[in-house]
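Engineer: Need coordinates for the following:
(one chain, ligands or ions: 1)
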Amino acid sequence: MLMRNVPGKLIDGRAFAAGISTEIAQEVSTLRARHHCVPGLAVILVGDDPASDIYVRSKVRKTTAVGMRSFPHRLPATTSQGVLLDLIAMLNADDDVHGILLQLPLPARIDAKTVLDAIDPAKDVDGFHIVNAGKLSVGRDDGFIPCTPLGCLMLLKAERGDLSGLHAVVIGCSNIVGRPMAQLLLRERCTVVVTHINTRDVAAETRRADIVIVAAGHPGLVRGSWIKPGATVIDVGINRIHDDTGSHIVGDVAFSEVHAVAGALTPVPGGVGPMTIACLLHNTLRAAQAVIENAKT
Ligand SMILES: Nc1nc2c(c(=O)[nH]1)N[C@@H](CN(C=O)c1ccc(C(=O)N[C@@H](CCC(=O)O)C(=O)O)cc1)CN2
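Structural biologist: This next block holds a predicted model:
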């Protein structure tokens, strides 16, 4: 493995996200003062998954911290798809609600596609509705972009500036991260390779990359020997592991090995995770601003 003389920079997602939230708070206060509009975000949690519960609490806290209204809806795991669709219809019709987020994963009985597509695309601040996914896939910039890939892109641009011509490898092809990430990088004019479970030699693909985004859900998957010296590595993995010292969150890269070779790396925790919620607030602000703009025409 080729090591650099100095370990790569650690990209501070927490500080970056705090900066975005400060800017959003200022814009929210302008909207309140000039347009008497307070952006509102409804968050729906079905069931009692402990990790989802933590993320939803954090979303509610950060939404109110920037001066937005939060409308949390906690439903039991036994909730039927029909009841969930009724709630979404009610939120679609509520003018105080500018953004709607359905926390994933959903209980297996509920068909995620059906309920996500029931959200009004203009309120789909998660960017998972088929209309928003379609807009991104044809390179249109008037839809909502899923929060985690948007956060990754913001960190990448802050680190590397213009991304055009860079070789990017995205490890994992989920609808939440891998696929939209690949579309965003394509839009930035990167050369993009997406690897998945059937890719023959992920290590060889990754060694060519100036930018590596890993969202595979496998702790320690990406080794130092996979990384081109100086590459920028964005670790999206959030894996809870238990060892002698207790329980920890780790990413998808073998941290010390990759840190020694990469030019820059996002840590876990404190890298991409905080950007996800900051971008949710960014999208909710955009949704409220669009309502005001549309009312003028
Ligand atoms: N509807 C959605 N569901 C889910 C999404 C999503 O974007 N939309 N993403 C993930 C979970 N998620 C937000 O919902 C999320 C994950 C992680 C973090 C975060 O800040 N992580 C911290 C560590 C937190 C910890 O200690 O547990 C970090 O990385 O520093 C925020 C949001 C799945 N579901």
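Engineer: Could you confirm residue 42 falls within a strand?
Structural biologist: Yes. Secondary structure assignment (DSSP: H, G, I helix; E, B strand; the rest coil) places residue 42 inside a strand.
Engineer: what's the nearest residue to it if we skip its chain neighbours?
Structural biologist: residue 71 (4.1 Å; C-beta to C-beta, 6 or more residues apart in numbering). For every residue, glycine as well, the C-beta is placed using N, CA and C.
Engineer: so that neighbour makes contact with residue 43?
Structural biologist: Yes. Residue 71 is in contact with residue 43 according to C-beta atoms under 8 Å; the separation is 7.3 Å.
Engineer: and the two? which has more neighbours close in?
Structural biologist: Per other C-beta atoms under 10 Å, whichever of residue 71 and residue 43 has more neighbours is residue 43, with 22 against 18.
Engineer: Who is that one paired with across the strands?
Structural biologist: Residue 43 forms beta bridges with residue 72, residue 101, as assigned by DSSP bridges.
Engineer: Can you give me the pLDDT of it?
Structural biologist: At residue 43, the model reports a pLDDT of 98.
Engineer: is it true that it touches residue 73?
Structural biologist: Yes. Counting by C-beta under 8 Å, residue 43 touches residue 73, with 7.1 Å between them.
Engineer: chain center to stretch 76-93: distance?
Structural biologist: In terms of C-alpha atoms, centre = their mean, to the nearest Å, the centre of stretch 76-93 is found 24 Å from the chain centre.
Engineer: heads up, I number from 429, so please use that
Structural biologist: Okay, residue one is now 429; in that scheme the one you just asked about reads as stretch 504-521.
Engineer: Which of the helices or strands spans residue 626?
Structural biologist: According to DSSP states H and E, residue 626 maps onto no helix or strand at all.
Engineer: any idea of the pLDDT on residue 431?
Structural biologist: 66.
Engineer: Phi first, then psi, for the residue in the stretch 579-725 of the chain that the ligand sits nearest to.
Structural biologist: Per C-beta to the nearest ligand atom, residue 701 is where the stretch 579-725 of the chain lies closest to the ligand, at 2.1 Å. Dihedral angles of residue 701 (phi, psi; degrees, to the nearest 10) stand at phi -50, psi -60.
Engineer: check contacts around the nearest residue to it once chain neighbours are set aside.
Structural biologist: Ranked by C-beta to C-beta, 6+ apart and with sequence neighbours excluded, the top spatial neighbour of residue 701 is residue 666, at 6.3 Å. If a contact means C-beta atoms under 8 Å, 6 or more residues apart in numbering, then residue 666 has 677, 679, 696, 697, 701 as its contacts.
Engineer: Enumerate every residue touching residue 535.
Structural biologist: Contact criterion C-beta under 8 Å, 6+ apart gives 474, 475, 505, 507 as the residues in contact with residue 535.
Engineer: Show me which of these is closest to the ligand.
Structural biologist: Distance to the ligand across the contacts of residue 535 (C-beta to the nearest ligand atom) is lowest for residue 474, with 11.0 Å.
Engineer: That closest one and residue 510, how far apart?
Structural biologist: Using C-beta to C-beta, to the nearest Å, we find residue 474 at a distance of 13 Å from residue 510.
Engineer: Looking at those two, which has the bigger crowd around it?
Structural biologist: Each of residue 474 and residue 510 has its neighbours counted (other C-beta under 10 Å); residue 474 has more, 26 against 8.
Engineer: What sits closest to the more buried one if chain neighbours are left out?
Structural biologist: Leaving out its chain neighbours, the residue that sits closest to residue 474 by C-beta to C-beta, 6+ apart is residue 503, at 4.8 Å.
Engineer: That neighbour contacts residue 471, doesn't it?
Structural biologist: No. Assessed by C-beta under 8 Å, residue 503 is found out of contact with residue 471, at 11.3 Å.
Engineer: mind checking which helix or strand residue 462 is in?
Structural biologist: Going by DSSP H and E, residue 462 is part of helix 441-463.
Engineer: oh sorry, the question was meant for residue 628
Structural biologist: Per DSSP H and E: residue 628 is located in neither a helix nor a strand.
Engineer: For it, grab the count of nearby residues.
Structural biologist: For residue 628, using other C-beta under 10 Å, the count is 7.
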